[in-house]
Every structure is written in structure tokens, then in C-alpha cells.
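# 3D model of this:
(2 chains)
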Number of protein chains: 2
Amino acid sequence: MRTDIREMAAANAPWLSVDADDSDVVFSSRIRLARNIARWPFPPRAEPHDREAVLEATRESLLAHAQFSPTSEISFDGLEKGDRRVLIERRLATKELFDGRPGCAIFVAEDEAASVMVNEEDHLRIQSILPGLQLDLAYDIATAIDDHLSTDLGIAFHDDLGYLTSCPSNVGTGLRASVMLHLPGLVLAETINECLAAIQQLGLAVRGVAGEGSETHGNLFQLSNQSTLGETEAEIISGLARATQHLVNCERNARKKLVEQVSDRLADYVGRAFGCLQHAHWLTTDEALMYLSALRLGTDMKMFSQMESEWVNGLWLAVQSGHLQARDDGTGPRAKRPVRRARLVRARLAEVTRPD
Amino acid sequence: MRTDIREMAAANAPWLSVDADDSDVVFSSRIRLARNIARWPFPPRAEPHDREAVLEATRESLLAHAQFSPTSEISFDGLEKGDRRVLIERRLATKELFDGRPGCAIFVAEDEAASVMVNEEDHLRIQSILPGLQLDLAYDIATAIDDHLSTDLGIAFHDDLGYLTSCPSNVGTGLRASVMLHLPGLVLAETINECLAAIQQLGLAVRGVAGEGSETHGNLFQLSNQSTLGETEAEIISGLARATQHLVNCERNARKKLVEQVSDRLADYVGRAFGCLQHAHWLTTDEALMYLSALRLGTDMKMFSQMESEWVNGLWLAVQSGHLQARDDGTGPRAKRPVRRARLVRARLAEVTRPD
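You can find the predicted model right below:
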């Protein structure tokens, strides 16, 4: 049941498809449920044999779950650093899983839309991630797995508090709902800060895509619920969906105004990004993501005839360090990463821009 | 004898040819002689009728000078701002000529290699400008005109001080010898400042190409003699030529090291400049010159098959505001200059990079 991570890295992540509602602005929707099994100590206090037992029980339950199968199991024991990066970049694993303690693993559905992390901060982190704005469907997928595991394993639940978790910030629903938004229009219009400040006042958290405390990369912003207590799951999800829809409208208006009012500047922004990607020989991740953001804006606004948004999304994932390293590009292991990244981007762009 | 400045602007300046010694580093060599006619007050104290008389006498003398003919006379009376800019960008005129006082004019030889400014700071500013490192030839050209005018007009000369000029900084030889150097290698290697500091210790002045007090644009530096007193013309010129040759060697070594040690970075620097020029829709002069400097480095280092250094030099002149404005590009007079500049550059690059 082990997955070949290099094979996985060769394909685009399914949540980067653009064949979904609002995917011109919403990269992806994600639901994560934090759960713990009542009969074992929670991970921060668990002994190795507890952790192994959690993993074994989870595996047994998941294998019997028809909807989730066929699953891949990826154990973190002995996993190479590059492979770990691939899993993080595909948002199937977190850095916390990589502390090297025993019993850490992830189970991944064939389409990567559903996964379960075992022995991260909590025993179970059930996740569903889908392209576009599809929070309800993602919640349904995660809940189906949650129901199944709960029945089999006996989940720690308190009548007053709700689901119990290692960190108090997750107690209650154990639910983190989030969307990843591409907001280049608001960034270019310089109205992004006021928009995001308004969102924060609604009790939502705004982060760069790489997670807590990180800077934004390539005009991507992650919106998620701040608290897991005091609201039902349905309220949390509908609140986030409303805020997302509001930002989607703001972003579309901003893009429309850019075309109407500063079309030269817009063409310049997108054109230069394209030119740099086409001819750079040294590209850092941050820079590549920033230029790809501009390219994606260009494809969304139909500024390129030969290039489509989903193709740009594929490159967006391919330039990230883990995916880059997983790819044998014939330069040998000694070529520096920014050189390899630039080479990959030049080659891909040459394919699509070659005249017919 | 009037020149059509738009016609002039359509062609490249002859000093931007690369068919001369050391033109991989030395853009041009320039000799300027400051002279005044003894019988009239110097320009700062001259009345309009004095200035007109100087112009008339100079015209008469030059027309009789076989070597200099055929000359064009460009009067500054009623010259449009854009046309004035063209003359400054071709280095045939200075801003000081544009103060609107009567009698200001320039006489220009057919090949633009020799010219005489009348009623600038001094009655006569005799200039010769040639591509590459050709200070001796430029001096010979300027001196031939000087000899002719001196014989005809009677030049203000003092046995102890030498030639008398309006500003004491030109007294003596009245000679300003200068070279324009393209030093992207030393700038990239970050050794430019120490190199230029050494040059300044030799008593030479270093400036950006746009003249005194200006920043450097596009890695171009102007080297000239600081003092006009106490050295002979031959000493001034050979001192400048030696320093220039030294910098030429430094620059060539720097370029060689870039290829050997950081070829990816070099390819990146040149490639991005190319990509931005190919796809920008908004280009300021400074930015265009910076990218064209990189392109010129690329052509000098044989990094492009379809593009030659002289072609880049032509674009270097064409993107400057006056030349840009003199060109009817069909966008109409209301198109903003950075937009027109970007359009011009994209069109020119499309011509050379179109596959055969």
C-alpha cells in the first residue's frame, strides 16, 4: 500500500484543478477535523507503543472503510527530506509530522481529496481538500471518514466541551475550515489590507499560504475560522463561505477596474513576469511564485492564447522545492536548486509558447 | 542649410557605431575645445547684437572651411522642446544652449563627428565625438576646425594663461577630453567603486553619462580630465587614454570572471533584461537603459545569435525621450511616453527574434 512519492510528485495536485466554482479566485477549500482516540494518551504524552497502537487501529479501521479505499499509507519512518517536502507542498502533511517520533503516518485517498494524518498533534487529523469553493462537499467527505473512525475507535468527546484535542485552540468542533485565495487584483489595487482587516473583524484568521506566521507568497492568502468553540460546524463553514464569496467579488471588481483604468500597467505586470520566467536562469521559490501569480492572473483574464490557468497551477506546484527535487531533470544532483527551477520553468514555457 | 531633426533622429548617432577599437567597452571618445573671439564680450556679458555678430562671423568662417563642409546649421530660435532633446541625446547640444537668448546655434558636420556650438557658455565650443577609443583622431578633427576659426576670427589668448574662457575651470587649454565607458562587468562584480576611486586619484573626473552631478544610467560612466591648466593637450589626452585602457582591461577581466565563475547569474541577468524588454508595456528611460545595458553585455559576450551590439546601441538612443517623441509610432500624441517606449522596444525586439 506504499505510495511512490516521485510518481505522486509528477502529477498535479487534484486541488489545483480549475474545474470548480469560483476557481478564478479560490484555489482550494479545505476541511480538517482534529480527533483523538479516548483509550490512549494524546500524542504529546503518548509512549512509542501507544503511538504504534493508534496507527495500527486507524489502519485497520480505514482499510475496512469502503468510501475511503483504496488508500495509500505513507509512513514517515525513513522518509527522505525531499519526499517529506513533496507531501507538505501537496498539503497532505505538516511539519509537525516530521519530528521523527514513531507511529507517524498519513493515509491518502487515490484522488488526494481525503487524507488522515496519524500521530500529529492529535491522534487523527482528518482532512479533505478540493479545488475552488467547495467547503460543504469537503466537509461531507471529512465527516464520512470521521463517522466511520468514531464508530470503530471511540473518540474523546466531552458533553460540554465537545471534541477534546491536544491544544485548547482546537477543542469543541475540532474543525478548521480554510480557503486559499489568489488575490493579485486587490494587491495591485493596493486595497488588500483594508479588505483583509475587515475579514479579520469577522473573527476569521488570514495567513500566507505556507501557514501560520508566514509571509504571503505569490498573492495567496489563507482564510480560516479562528475559533472552534461556540459555533456549530455549519455556522463556521457558512461564515467562512460568506466571507470568501465577499472577497471573490472584491477581487473580481479589482481585476475589472485594472483592465478599465490601468490596462497598460496590468499588461506590463503580467508581461514582465512572463518575460522573466521565460528567460531567467536563477529563480528562487518566492520569486517564481510571484511571477506565476502574475501569469495566473493573465490566464484568468484571457491574456494568453496558448496557456491555461490549470497549466499555470501545475507549474506553481512543480517549482516548489520538494517537487523540483523529486523530478529528474538530467542536471545531476549537484546543480543548484534556483538553477534547476529556472531551467524547468524555461522548458515548460518553451513548450506552450512555441509557435504552431 | 537647416537640418530636419526628425530625419536626424531616425538614424543612429555615428558615435554609437561599434566599428572602432575597444568599442566593446568604450562607447565613444569626445574632444571639446572652449574658445572665445577676442573682439566681442564673452557670452555672459554679451548684448544680443554681440551674440548675433559672433554667430554670423562663425557661420561665414565655417562655410569657407572645406574640411568641415557640408555643415548643417541648427538655430535654437523657436526649436521645439522635443527637437532640443534629440540634439542633447545625440550630444550635439547642451542644456545651457537652451536659455532662449539670441544667437545660439550649432553647426554640425554631415557625419555628426564634428560640431560647433555658438554662444553657449563660451562663444565657441568645438566638438568632435567618435565611436570607441579614438581620442587622438577626435582631437585632430577638433583642432583642424579650431585652427581654421582661430585664423579667421582672432581667438582670446593670454601668453601666460592660455585660452581665455567664461569659466575659470576651462582656462588654459580649453580642452575637455572624455570617454563614455560601458562597465556592466565591474558593476556586477561590485568592484566598480574601487576602480573609479583609483581613477579619481589620477586627477580624472568620473560622471554618469548625462553629465555633471547626474547618476549613472545603464552602467555608463564618463571619464574626463579635471583640469585644463598645467598640462599640455597631448599630456591630457594620453593620461585619459591610459586610464581608459586600464579600465577597459579591468572590465574585460570582470566579464571573463563572470562567465567562468557565475555563468548562471550572468545568463540570468541578461536573460531577464531581454524578457522584460520583450514583454514590458510600461518602460521608464532609466529602466530601459538598464536593461539595454544588460542586453549590450549579452551581445558583446556573444550570448545572442540574432542580435548585434550596434543594433542594441541604436535602441539605446531610440528609447530616450527626445528620439522617442520624434518618431511617429501611430499611437497618437496622447499616448504616455513609457507606453510608447515599451511599444517601440517590443516591436524592435520582435523583429530580431522572429524565427527565420
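
# and the gap between the residue of the stretch 101-250 of chain A found nearest chain B and A:Y291?
Residue of the stretch 101-250 of chain A nearest chain B, by Cβ to the nearest Cβ: A:L188 (12.9 Å). Every residue, glycine included, has its C-beta placed from N, CA and C. Distance of A:L188 to A:Y291, computed by Cβ to Cβ, to the nearest Å: 14 Å.

# Pick out whichever of these two has more residues nearby.
The neighbour count for A:L188 versus A:Y291, taken as other Cβ atoms under 10 Å in any protein chain shown, is higher for A:Y291 (25 against 20).

# That one - that's part of a helix, no?
Yes - according to DSSP: H, G, I helix; E, B strand; the rest coil, A:Y291 belongs to a helix.

# so what's it up against?
By Cβ atoms under 8 Å, 6 or more residues apart in numbering or on different chains, the contact set of A:Y291 is A:273-274, A:276-277.

# Mind telling me what element the residue of chain A found nearest chain B is part of?
Chain B sits closest to A:G275 of chain A, with a gap of 2.9 Å, by Cβ to the nearest Cβ. Assigned by DSSP states H and E, A:G275 belongs to helix A:263-279.

# can you pull the contacts of the residue of the stretch 101-250 of chain A closest to chain B?
With contacts defined as Cβ under 8 Å, 6+ apart, A:L188 is in contact with A:254, A:258, A:265-266, A:269.

# and if you look at A:A205?
A:223-226.

# rerun that using 10 Å as the cut-off
A:176, A:178, A:199, A:212, A:222-227 (Cβ atoms under 10 Å, 6 or more residues apart in numbering or on different chains).

# Tell me if it really is in a strand.
Yes - judged by three-state DSSP, A:A205 forms part of a strand.

# contacting residues around stretch A:304-311?
By Cβ under 10 Å, 6+ apart, stretch A:304-311 touches A:12, A:16-19, A:23-24, A:131, A:182, A:270, A:274, A:295-302, A:312, A:314-315, A:348-349, A:351-356.

# Which residues in that stretch does the neighbour count mark as buried?
Within stretch A:304-311, the residues that count as buried by 16 or more other Cβ atoms under 10 Å in any protein chain shown are A:304, A:307, A:309-311.

# among these, which are in strands?
Using DSSP state E, no member of the buried residues of stretch A:304-311 falls within strands.

# Among those residues, which pair sits farthest apart?
Farthest apart among these by Cβ to Cβ are A:F304 and A:E310. That separation is 12.7 Å.

# What's the local residue count around A:D50?
Neighbour count for A:D50, taken as other Cβ under 10 Å: 20.

# how about the nearest residue to it, chain neighbours excluded?
Spatial nearest neighbour of A:D50, excluding adjacent residues (Cβ to Cβ, 6 or more residues apart in numbering or on different chains): A:W40 at 4.8 Å.

# quick one: secondary structure of the one you found?
A:W40 ends up coil, using three-state DSSP.

# which residues touch it?
A:W40 neighbours (Cβ under 10 Å, 6+ apart): A:46-47, A:49-51, A:53-54, A:57, A:123, A:153-154, A:156.

# before we move on, what SS does the residue sitting nearest the centre point of chain A have?
Taking Cα atoms, centre = their mean, the centroid of chain A lies closest to A:R91, which sits 4.3 Å from it. The assignment at A:R91 comes out as coil when based on three-state DSSP.

# Looking at per-residue confidence, what score does the closest residue to it other than its chain neighbours get?
Spatial nearest neighbour of A:R91, chain neighbours left out: A:I129 (5.9 Å); criterion: Cβ to Cβ, 6+ apart. Note for A:I129: predicted pLDDT of 97.

# Neighbours of A:I129, how many?
Using other Cβ under 10 Å, A:I129 is surrounded by 25 other residues.

# Quick check: residues of the stretch 201-350 of chain A near chain B?
By Cβ under 10 Å from any Cβ of the partner chain, the residues of the stretch 201-350 of chain A that approach chain B are A:262-283, A:335-336, A:338-339, A:342-343, A:346.

# same thing but at 6 Å, please
Within the stretch 201-350 of chain A, the positions adjacent to chain B are A:264-265, A:267-268, A:271-272, A:274-276, A:278-282, A:339 by Cβ under 6 Å from any Cβ of the partner chain.

# Show me what A:I155 is bridged to.
According to DSSP bridges, the residues that bridge with A:I155 are A:I37.

# That one: how many residues sit nearby?
19.

# Repeat that for the one 10 residues further on.
Residues within reach of A:T165, counting by other Cβ under 10 Å, total 24.

# rewinding a little: give the contact list for the residue nearest to A:R91.
Counting by Cβ atoms under 6 Å, 6 or more residues apart in numbering or on different chains, A:I129 makes contact with A:15, A:28, A:30, A:91.

# Now with 10 Å, please.
For A:I129, the contact set (Cβ under 10 Å, 6+ apart) comprises A:13-15, A:28-32, A:90-92, A:112-115, A:138, A:141-142, A:178, A:180.

# same question, A:V339
Counting by Cβ under 10 Å, 6+ apart, A:V339 makes contact with A:280-283, A:331, B:263-265, B:267-268.

# Of these, just say which sits nearest to A:A234.
A:L283 (43.5 Å).

# Tell me the confidence at the residue nearest to A:D50?
96.

# what does A:G230 give?
With respect to pLDDT, A:G230 scores 87.

# again with the one 10 residues further on
The predicted local distance difference test score for A:L240 is 97.

# out of everything not next to it in sequence, what's closest to it?
Per Cβ to Cβ, 6+ apart, closest to A:L240 is A:A177, 5.0 Å.
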